[in-house]
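> pasting the sequence and the predicted model now:
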Amino acid sequence: MQMAMSMQVRPFVPNLGQHINLNFPKKQSNSTFTPSSHRDSQSHTETLIHHFNPKTPIEEAVTPPTSWYTDSSFFHLELHRIFYTGWQVVGPTEHVKDPRDFLTGRLGDVEFLVCRDDSGQLRAFHNVCRHHASILASGSGRKSCFVCPYHGWTYGLNGSLLKATRISGMQNFNVNDFGLLPIKVATWGPFVLLNLEKEKEVDTHNVAKAWLGSCSETLSTSGIDSSLSYVCRHEYTIECNWKVFCDNYLDGGYHVPYAHKSLASGLKLDSYSTEMFERVSVQSCESSSENSKENYDRLGRKAIYAFIYPNFMINRYGPWMDTNLVLPLGPNKCQVIFDYYLEHSLKDDKDFIEKSLQDSQKVQIEDIVLCEGVQKGLQSPAYCVGRYAPTVEQAMHHFHCLLYENLTE
Ligand code: FES
Ligand SMILES: [Fe+2]
């Protein structure tokens, strides 16, 4: 097993007077005054982080406490420190392939818009009208400009304000100051990524290293690339904390024989292995040699399940790849977006596609039932912390250590 972990654990230094930096111009405050109630709650939230100790070896470690999964102040801290920093996947490049294509979405409180301008350059903006904050575009599709549905202010694909309606008489107004606020955007393979950090210099040409570290080549050579055809998207809203879904993914196949009986029959579960990199873990499993031809066609010889911190999963098996993007919606709610890709030669085989998607959906429903059950258990007074099965749950422990590191940064 290759281990390329670099885990920096920093001592906790309370910083009670510090405002959380939202990284957005209009939300930043120059004031150094922090009300004491705010200080107390911030300090309470900081304390919760340290209820998990990443230095304890997995054999002795307890899991993060329930507050990490249920507390709303902890949830808001996560948005700022985990999701509003670093590169975050937001969708497939397929949705912004050609000039004038656009996609929209929401990450935490951030409404974003990604489009390809007329010259073919990919751009991203906050999807918020500069007049009275209406959401500008919705869904995805193709547009030559963005017209606000509220009062008709119109923006170009480069974000500039092209037309502000009925502004005669308005003074001290310069259209150049009222373009859409840009967001840093990049791509890796078939994925679009955003970086919401405003202050930091970010190299948009070196995403592979910043996002995937030493694992980027392993992923590229495992068939995770742009050669696959995009098939479709399935979305699920799940009544659980976003980390419950990630934890479920990261248990090294522990739950598979109990919760996914039909999938388990197609896999050789004793071949399950886990490899960890800086911010990525890769689990793999071979297919059972007694597989039916139908199962073998779908699952192939070996499946790999890559988890990219904090919330993105890439599953590559047989001719298929599906990705799972886990979006935090609240302490007790998340949305998981599945995008399916298939080898080009099979893209017109409707029966095969339909059967495969049905099999996949069955597994998703089984996982949703588990995750929603866990969230209820986490909310009950009966549970506070749990333990790790050291031979299988290494990737989950790795995830929790990364969360700690990220939250204490
Ligand atoms: S809010 Fe967009 S034009 Fe008024
Ligand atoms: Fe599962």
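Yep, that arrived. Ligands and ions are numbered 1, 2, ... in the order given.
> restricting to C-alpha, output the lowest-mean-pLDDT helix or strand in the chain in CSV.
Taking mean pLDDT, DSSP states H and E as the measure, helix 293-299 is the helix or strand of the chain with the lowest mean score, a mean of 77. The C-alpha coordinates for helix 293-299 follow below in CSV (Å, rounded to 0.1, in the frame of the first residue of the first chain):
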residue,chain,number,x,y,z
LYS,A,293,-21.9,-11.6,-17.8
GLU,A,294,-24.4,-8.8,-17.1
ASN,A,295,-22.7,-7.8,-13.9
TYR,A,296,-19.3,-8.1,-15.4
ASP,A,297,-20.3,-5.9,-18.3
ARG,A,298,-21.3,-3.2,-15.9
LEU,A,299,-18.6,-3.5,-13.2
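> where along the stretch 1-150 of the chain do the helices fall?
Using DSSP state H, counting those that start in this stretch, the helices of the stretch 1-150 of the chain run over residues 36-49, 67-70, 72-78.
> pipe the ones you listed into CSV and attach mean neighbour count, distance to Cys384 and mean pLDDT per row.
All C-beta atoms are positioned from the backbone trio N, CA, C, and that covers glycine. As requested, these are exported to CSV (neighbours: other Cβ atoms under 10 Å; distance: least, Cβ to Cβ, whole Å; pLDDT from 0 to 100):
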stretch, mean neighbour count, distance to Cys384, mean pLDDT
helix 36-49, 14, 12, 84
helix 67-70, 20, 9, 98
helix 72-78, 18, 15, 97
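> how about TSV for these, with distance to Leu228 added?
As requested, the helices of the stretch 1-150 of the chain are exported to TSV (distance: least, Cβ to Cβ, whole Å):
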stretch	distance to Leu228
helix 36-49	39
helix 67-70	34
helix 72-78	32
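> which of those helices sits closest to ligand 1?
Ligand 1 lies closest, by Cβ to the nearest ligand atom, to one member of the helices of the stretch 1-150 of the chain: helix 72-78, at 26.2 Å.
> which non-adjacent residue is nearest Tyr309?
Excluding its sequence neighbours, the residue lying closest to Tyr309 (Cβ to Cβ, 6 or more residues apart in numbering) is Arg279, at 4.2 Å.
> picking up where we left off before, list just the one of the helices of the stretch 1-150 of the chain that sits closest to Leu196.
Smallest distance to Leu196 across those (Cβ to Cβ): 13.7 Å, for helix 72-78.
> please name every helix or strand in contact with the helix or strand where Phe352 lies.
Taking DSSP states H and E as the criterion, Phe352 maps to helix 350-379. The helices and strands touching helix 350-379, judged by 3 or more Cβ pairs under 8 Å, 6 or more residues apart in numbering; DSSP states H and E, are helix 67-70, strand 229-238, helix 242-249, helix 256-259, helix 261-264, helix 293-299, strand 333-342.
> and the second one, which strands flank it?
Looking back up the chat, that one is strand 229-238. Strand pairing for strand 229-238, using DSSP bridges, gives strand 333-342 (antiparallel).
> for the partner strand, what does the pLDDT average out to?
For strand 333-342, mean pLDDT rounds to 98.
> ok, and what's touching that strand?
With Cβ atoms under 8 Å, 6 or more residues apart in numbering as the test, strand 333-342 has contacts from 91-92, 190, 228-242, 244-245, 319-329, 353, 357, 360, 364.
> spatially central residue in the chain, please.
Residue closest to the average C-alpha location in the chain (Cα atoms, centre = their mean): Asn311, at 3.4 Å.
> which residues of the stretch 101-250 of the chain lie near ligand 1?
Selection of the stretch 101-250 of the chain residues close to ligand 1 by Cβ under 6 Å from any ligand atom yields 129, 131-132, 134, 148, 150-153.
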